[in-house]
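Chemist: What shape does this take:
(chains A, B and C)
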Amino acid sequence: MRILGYKLSATAQIGVVIVLINVLVAVLAPLIAPFDQATPVGDAWADPDAQHWLGLDNVGRDILSRLIYGARMSIGLSLVITVLSFLIGVISGFAAAVAGGWIDQLLSRLVDLLLSMPTLIFAFVILSVLGSALPVLIVTIAVLDSTKVFRLARSVAINIVSLEFVEAARLRGEGWWWIVTREVLPNAIPPLTAEFGLRFCFTFLFIAALSFLGLGVQPPDADWGSMVKDYRDMINFGSAAPLYPAAAIAILTIGVNFVVDWMLSIHSRGQGEGA
Amino acid sequence: MLNLILQRFGLGILTLFAASVLIFIGTEILPGDLASAILQNSATPESLAKLRLDLGLDQPAYVRFFEWLFGALRGDFGHSLANGRDVLAEVAPRFANTMFLAAYAAVVAVPLAIGLGLLEAIRQGGAFDRLVNVFPLMTFSMPEYFLAYLLIKYVAVQLGWFPSLANVTPETSFTDRLYYAFLPMLTLVLVIVAHMMRMTRASVLSVMASPYIEMAILKGLRKSRIVVRHALPNALAPIISVVALNLAYLIVGVVVVETVFVYPGLGQLMVDEVSKHDVPVVQACGLIFAATFILLNMTADILAILSNPRLRQPR
Amino acid sequence: MSQATQDASRSEDNSIILDIRGMRVAVRTDSGEGPVLVDDVSLQLRRGEVIGLIGESGAGKSTIGLASMGYTRRDCFIVGGNIIFGDTDIRAISMDERRALRGPKIAYIAQSAAASFNPAHTLMEQVCEASVRHGVLSRAEARAEAISLFKQLDLPSPETIGSRYPHQVSGGQLQRVMAAMAMVAKPDILIFDEPTTALDVTTQVECLAAFRKLIRGHGTAALYITHDLAVVAQIADRIMVLRRGKMVEFGDSRQILQQPKEEYTRRLVTERVAGHSFVDANGAGEVPILAIEHVSANYPGKPKVIDDVSLDVRKGDTVAVVGESGSGKSTLARVVTGLLPRVAGDVRFNGLSLPPRLNERSKDQLRRVQMIYQMPDVALNPQHTLLETIGRPVAFYFNRSRAEVRARAIELLRQMDLPESFITRKTSDLSGGQKQRVSIARALAAEPDLIICDEVTSALDQLVGEEILRLLKKLQEDLGVAYLFITHDLGTVKRIANKVAVMLKGKVVASGDTATVFSPPYHPYTELLLSSVPEMRPDWLDGVLASRATGAAMTAALLRAP
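Modeler: Numbering: from 1, shown residues only, chains lettered A, B, ... in the order given. Below you'll find the predicted structure:
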């Protein structure tokens, strides 16, 4: 299989398939889910049968349907957060690299400060007071995560800015808007795309962890992390219920990581010795 | 070089201060009346007023902040709102437990990861390399609780080798602790070994692409010597960074693992107390976590400076 | 047998030490066999002999050198021929056996010493490493041998230099330490891969002399790889001329230089020899286009990089600014363009003073002075098409419509002798020489009065560079544009400039018409520079060394003076 002329490795192909399936499920959720995510349809903890492939949960809702709707919530939320954090991070990172001077110093110091603090603890503290309404969740995590994007965007931009064609544009008298969008950005796309994939994974896992600890998505919305939290006690009775949403999380992140790994490997290789 | 180190140290202290400010803001100053958030439904005007007085909410914010901060430096975090006990007495044994778990995981994971990473770099290529490459990619992508529950389901419940609940008390013996904490430790190790191994391998490989490595090959040196004597010293800085980063992550990841295994550590305490709005405890936990995290990051940066050959021998 | 006798008997031994027959090296990837880097090359190297491998980039000379050790770079494989070292066919033995040869029997000296030394270990450790690991010498013996070699190579403080780290030693010294590293185990063959290319001309002379002394003293055989015919003439007994992996001509040094048989060889030789007649002086215009008056500049917090420099460029002039690294010539360009604000003095354009900073200048002021860079790969945005690259200045400065911009771009392409179809190609698809032409077109698109050329041919092959220079000259005749030509290569100066300014450590030590500055009586530094440029006569090096020995003290003083 080839994308844009590059040959995909075996793992990358698996990754692409996984991602596509997940995206399709998330988009088509109302069409493919057999039942509604919030309505009980039977007894609590009923065993899997022909109608309910994964059985029912602690309130009697169909687990499979919740998984499908959960895809929508989890993936959609993570995507929105990643896009937001990317916008903030890339714009500020590029600005810092191109403007240089005190702007760069100020932003970098600020980001360094934020970066050296444990995000989970912070998110925790903030969310425990402000509550976990979706907008709060989105903004908090996006801002915290944008610091990492800033670091990468800035270092990528600085490398590009050091090349002579940027100086040539400066000498021409081009304004910084042109320089950022027409000179720097087209050359920054490969590393930024890989980073987007990585950030998505982290955000996804992060949301899942927060939900697991009770601070993320609140009921009755289905979300894979909170599903794990709700079903956890059943593991001691031999039920695999908490493993289903956890496995779903794992599979998606593995898929994305396979693809990102392949993208990064295109750009770097080791040494060789032929005969 | 000493300058750089002092700078980094100073920055660390500054960050710690900033962290404490943010924690304080996060818990006491954000919108919403703190007192009613704590008392919720059982609030009456009198109990609210009394609570406000107790908490010192009538005083301006910065006064409260410094009182809290200086108290913290002396070890006095106040009293838990849930059971009235001294916060430090509550928190200290929990912290010790968390440190034990983290150290347990670190001692196992770090040598394992670096050794495997080096081995992989030496034997590069072939089926072994690809396999060892894919496996960590998977474990490192997974949420910790997935691994944890897998372990519980198969190792604890089905095989019964280790307990699924880590019942550690202050009286538990050392060897018993090792036994009870085994599964939580294993979960943490699986996640961080993956990351550190990949980074070790990546750093070593990236150094191997340097021209002086080609020179070493042309001098007819053996590959193992090239990796260990030539590549490794130059790859140390990024490797140390990654190790410290992962150790710092341990401090945070431990929260989830403790929750899954009901291990009586600081993380689990924090999760429990947050839902009870037990502010002094949450503040103390937050501050201790942040301090450890920041300290580890700072040590990592300083070690990276020390291990850079160019900085050690100035012109 | 004593060392001297050993060496002596070795230099009498005339047997063939390296026999290459029909070597073929090609690229091989997952998608099949790719380009052939070396195509059917044969040579026989005798003990004590030096064969020079010469060619432009892509000729395959480095590949041959490395393959003689049984080593190829990533994705490259030796696909044909025999490489016989002594009695052993290198292709037939195992990897481990090949490894055993490298270091003690065949040693390699790379182009960049700074990149070949591990920054984490001392010089002595690395110099002795190969001999000790292969069991040829004990550590103590290796140390002693190393120090003796340092002395032979005229390195400063030979007893203690070994305890330093690579970044604490200068480029020229590091190159000689690398030669010592190769010689410690007394190999039968030394492979020199462009060892002086990255050095200043004056340092190059010292290194060349040192290498020659080393080879002759120990009777070692050598393959000397370079692109500079004059350099190889000083050191090689026989010369092989290579082009795109194939052998063009192979013979005795004197014959190749004085009576080349093949057309390609002849071109290489004559290009090097040409340029002995100077460009005519030009007196047009009263007001200089560019007047640099007593300008000084420095980077914040650092000492002056340019000190009290004055220079005039008039219409139709080509003023060369020549100097070695650290002379300040490139910084001068940055001050003229406003990237580095001047600290003292004035820069006037057509009589009007230019603001010191770039962002204080008007669009028109910026338009009239354009710059062309040294490295074609980074001077152009790899993601832009030629239309975008060349068309942008037209649109930006003159506000033309899309159609007009396109038409103008095509016209410029034609002037550069580039096909019109290239207009839609991305710049990353072009060769080095083609990219440089695009850079020139981009500069011309702004219709400037002055173009600053910053080492524009230094990164190009000799013949390609010559073409670019010819193109620049023609454009000057057609358009009347003036050039400020920054370079370190005196040959280029002679070929293209009617005026020259020689810079040393931030000051201009000599300036005026080229003919005047480059004829006696010379300023001592000019003399040093001129004499350091290798000439095609094989006995040139001996001559220079002889005259240097007498003027050694003055040379040293010149180079060290603040």
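Chemist: Provide a list of residue ranges in the chain with pLDDT below threshold.
Modeler: All of this is about chain A. Applying pLDDT under 70 to chain A flags the ranges A:1-6, A:128-132, A:236-238, A:267-275.
Chemist: wrong one, chain C
Modeler: Residue ranges of chain C with pLDDT under 70: C:1-13, C:271-286, C:550-562.
Chemist: C:Cys76: how many residues sit nearby?
Modeler: For C:Cys76, the neighbour count with other CB atoms under 10 Å in any protein chain shown is 23. Bear in mind the C-beta positions are built from the backbone N, C-alpha and C, glycine included.
Chemist: meant to ask about B:Val157, not that
Modeler: Other residues near B:Val157 number 14, with proximity taken as other CB under 10 Å.
Chemist: correct me, but it touches B:Ser164?
Modeler: Yes: taking CB atoms under 8 Å as the definition, B:Val157 is a contact partner of B:Ser164 at 6.4 Å.
Chemist: Now for the closest residue to chain A within the stretch 151-300 of chain C, how many residues are close by?
Modeler: Relative to chain A, the nearest point of the stretch 151-300 of chain C is C:Pro300 (11.7 Å; CB to the nearest CB). Close neighbours of C:Pro300, defined as other CB under 10 Å, add up to 5.
Chemist: isn't there a strand covering it?
Modeler: No: counting by DSSP: H, G, I helix; E, B strand; the rest coil, one finds C:Pro300 to be coil, located in no strand.
Chemist: could you list every residue that touches it?
Modeler: Contacts for C:Pro300 (CB atoms under 8 Å, 6 or more residues apart in numbering or on different chains) come out as none.
Chemist: mind checking the backbone torsions on it?
Modeler: Main-chain dihedrals, C:Pro300, degrees, to the nearest 10: phi -50, psi 130.
Chemist: For chain B, see how far away it is.
Modeler: For C:Pro300, the distance to chain B equals 19 Å [CB to the nearest CB, to the nearest Å].
Chemist: Just the buried positions in stretch C:73-86, please.
Modeler: Buried residues in stretch C:73-86, defined by neighbour count with 16 or more other CB atoms under 10 Å in any protein chain shown: C:73, C:76-81, C:83-85.
Chemist: hmm, that stretch touching chain A?
Modeler: Yes: under the criterion of CB under 8 Å from any CB of the partner chain, chain A is reached by stretch C:73-86 at C:73-78.
Chemist: tell me which of those is nearest to chain B?
Modeler: For those, the nearest to chain B is C:Arg73 (8.1 Å; CB to the nearest CB).
Chemist: Need the three-state assignment for that closest one.
Modeler: coil.
Chemist: and the stretch 51-200 of chain C, which residues reach chain B?
Modeler: C:66, C:69, C:71, C:98-104, C:107-108, C:110, C:112, C:115-121, C:129-130, C:133-134, C:165, C:167-168.
Chemist: and those, which are buried?
Modeler: Using 16+ other CB under 10 Å as the burial test, these include C:66, C:69, C:71, C:98-99, C:101-104, C:107-108, C:110, C:112, C:115-121, C:129-130, C:133-134, C:165, C:168 as buried.
Chemist: Just the closest residue of the stretch 51-200 of chain A to chain B, please.
Modeler: Residue nearest to chain B within the stretch 51-200 of chain A: A:Val125 (3.9 Å; CB to the nearest CB).
Chemist: does C:Cys453 sit in a helix or strand, and which one?
Modeler: Using DSSP states H and E, C:Cys453 sits within strand C:450-454.
Chemist: ok and the residue in the stretch 51-200 of chain C nearest chain B?
Modeler: C:Arg102 (3.3 Å).
Chemist: what's downstream of the strand holding C:Cys453, the next helix or strand?
Modeler: From strand C:450-454, the next helix or strand downstream (DSSP H and E) is helix C:462-479.
Chemist: Run me through the strand neighbours of the next helix or strand after that next one, direction for each.
Modeler: Per DSSP H and E, helix C:462-479 leads on to strand C:482-487 as the next helix or strand towards the C-terminus. When pairing is defined by DSSP bridges, strand C:482-487 lines up against strand C:318-322 (parallel), strand C:450-454 (parallel).
Chemist: Packed most tightly, which of these would that be?
Modeler: strand C:318-322 (a mean of 26; mean count of other CB atoms under 10 Å in any protein chain shown).
Chemist: Grab the CA positions of it and hand them over as CSV.
Modeler: Output in CSV follows, covering the C-alpha atoms of strand C:318-322 (Å, rounded to 0.1, in the frame of the first residue of the first chain):
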residue,chain,number,x,y,z
THR,C,318,32.7,43.9,-10.0
VAL,C,319,34.3,44.5,-6.7
ALA,C,320,35.7,41.3,-5.1
VAL,C,321,36.1,41.1,-1.3
VAL,C,322,38.5,38.4,-0.6
